[in-house]
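K.L.:
for reference, the sequence and a predicted model appear below.
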Amino acid sequence: MAHVVVLGAGLGGTIQAYELRDMLGRDHQITVISNKSYFQFTPSNPWAGVGWRKKKDITIELEPVMKRRGIEFICDGAARLVPEENRITLHSGREVSYDYLVIATGPDLAFDEIEGFGPENYTNSVCHIEHAEMSGDKWEDFCANPGPIVVGAVQGASCFGPAYEYAMTIDTDLRRRKIRDKVPMTFVTSEPYIGHLGLGGVGDTKGMLESIMRERSIRWITNAKVERFESDKVHVSECDETGAEKKKHEVPFAYAMMLPAFRGIPALMGIEGLVNSRGFVIVDEYQRNPAYPNIFGIGVCIAIAPKEPTPVPTGVPKTGFMIESMVTATAHNIPRIIEGKEPTEIATWNALCLADFGDGGAAFLAMPQNPPRNVNWSAKGRWVHWAKLAFEWYFMRKVRQGVSEPFYEKAIMRMMKITKLKT
């Protein structure tokens, strides 16, 4: 009997455990380790950041669900991975041994890399539900005494979609409150242009998102390198196409939310052969680490090099569709390896984003994620808002029931049918 441990219980880790249980049956042991007792539906965090969602709305306690599926659940954080000995030391001091390990931790948030950055300092965050709820509470205080707003993503960030979502959702909420005229808004981003998204753009995301931001009176600064935050302003260097400083900005704010750069969790940092210099897990085409072939990596925690350099560093996003394909490939490859066979399944690494703006939204689909692509499509409309709501309901239902069906694949096929996309 093999013991497979999944480290992390987010969008990737939770579904990974379900799919492994289906593929391995009851003859093998599966353990999930997470520093949180619950699954959180991270795509809904921008809504929580304006008070449209509460933690109870988008979280599910995992222990009962895992128990029903015959999966051991350990609520404890990883202190250190010792891959040479196939064991993980947890914060409680407990040690867990494994035959195979799937790392699905998500990222560590690098707020400390910029002075004054993060929810412990002068800016808000929607990266975790706890952060988003704090942001929602502060949002009510802000609306009672409105002023300038700054939203965006700093240098090294890789997840740009939620920044656009939050900026537009804020705009929608302010209009509903009839105080939008009192709030100058600036979008500050490390992207070389609006709509780059860490992907070199998808379809006409540049033109589409620029047009939406003009319609909503949101000014922007691109190629932006944030130097520091103060209590009421952010200091930004705008760079040219070579990365040299072009202009200095001091952008005032009464409320700010900017997405940080990501890095690997401390438990993995510095393990030669397993992670790169930023702590991201190195994987081959089968999601397997070359130095430790019984370790796999999925989701935001894996290392993916940008397709091309940008004047200000940007990372590569790992969207849900892409993560689901990593999960499925890993769920098929581990049983083959247990049987003494070679892995064969390769993740597709496609990108789908439904960016909700509160009263509409923008969608893009890149297949594969990096160009050249077979599908390179973007669109906008009120349908995106309703699709995001349906997406939230369906995925939460899937997690609650312990179901491992390929949700994104089904959703993409449905979207392609509705919009008459051709691959």
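P.N.:
Yes, it's here.
K.L.:
state the number of residues packed around Val384.
P.N.:
By the criterion of other C-beta atoms under 10 Å, Val384 has 20 neighbours. To be clear about C-beta, it is placed using only N, CA and C from the backbone, and glycine gets the same treatment.
K.L.:
look up how far Leu365 lies from it.
P.N.:
With distances taken as C-beta to C-beta, to the nearest Å, Val384 is found 12 Å from Leu365.
K.L.:
and for Asp141?
P.N.:
38 Å.
K.L.:
out of the two, which sits in the more crowded spot?
P.N.:
Ranked by neighbour count (other C-beta under 10 Å), Asp141 and Leu365 place Leu365 first, with 24 against 10.
K.L.:
name the element that one belongs to?
P.N.:
Per DSSP states H and E, Leu365 falls inside strand 361-367.
K.L.:
what are the contacting residues of that strand?
P.N.:
Residues from elsewhere that reach strand 361-367 (C-beta atoms under 8 Å, 6 or more residues apart in numbering): 164-165, 168, 197, 199, 202-203, 205, 208-209, 212, 348, 350-355, 373-382, 384-385, 387-388, 412, 415, 421, 423.
K.L.:
buried members of these into ChimeraX, please.
P.N.:
Listed next is the ChimeraX selection for buried residues among the contacts of strand 361-367, using 16 or more other C-beta atoms under 10 Å:
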select :164,165,168,197,199,202,203,205,208,209,212,350,351,352,353,354,355,373,375,376,377,378,379,380,384,385,387,388,412,415
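K.L.:
among the contacts of strand 361-367, name the ones in helices.
P.N.:
Residues of the contacts of strand 361-367 located in helices (DSSP state H): 164-165, 168, 205, 208-209, 212, 382, 384-385, 387-388, 412, 415.
K.L.:
what mean pLDDT does stretch 78-96 get?
P.N.:
What stretch 78-96 shows for mean pLDDT is 98.
K.L.:
report the buried residues of it.
P.N.:
Those buried within stretch 78-96 under the rule 16+ other C-beta under 10 Å are 78, 81, 83, 86, 88-90, 96.
K.L.:
do the same with stretch 266-277
P.N.:
Here stretch 266-277 shows 267-269, 271, 274-275 as buried, counting by 16+ other C-beta under 10 Å.
K.L.:
just the residues you listed: which are in strands?
P.N.:
Among the buried residues of stretch 266-277, DSSP state E puts none in strands.
K.L.:
from the residues you listed, which land in helices?
P.N.:
Per DSSP H, the buried residues of stretch 266-277 never map to helices.
K.L.:
pipe those residues into a markdown table and attach pLDDT per row.
P.N.:
Below are the buried residues of stretch 266-277 laid out as a markdown table (pLDDT from 0 to 100):
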| residue | pLDDT |
| --- | --- |
| Ala267 | 98 |
| Leu268 | 98 |
| Met269 | 98 |
| Ile271 | 98 |
| Leu274 | 98 |
| Val275 | 98 |
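K.L.:
could I get the residues you listed in a markdown table, plus columns for distance to Pro146?
P.N.:
Shown next, in a markdown table, are the buried residues of stretch 266-277 (distance: C-beta to C-beta, whole Å):
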| residue | distance to Pro146 |
| --- | --- |
| Ala267 | 42 |
| Leu268 | 42 |
| Met269 | 41 |
| Ile271 | 47 |
| Leu274 | 48 |
| Val275 | 43 |
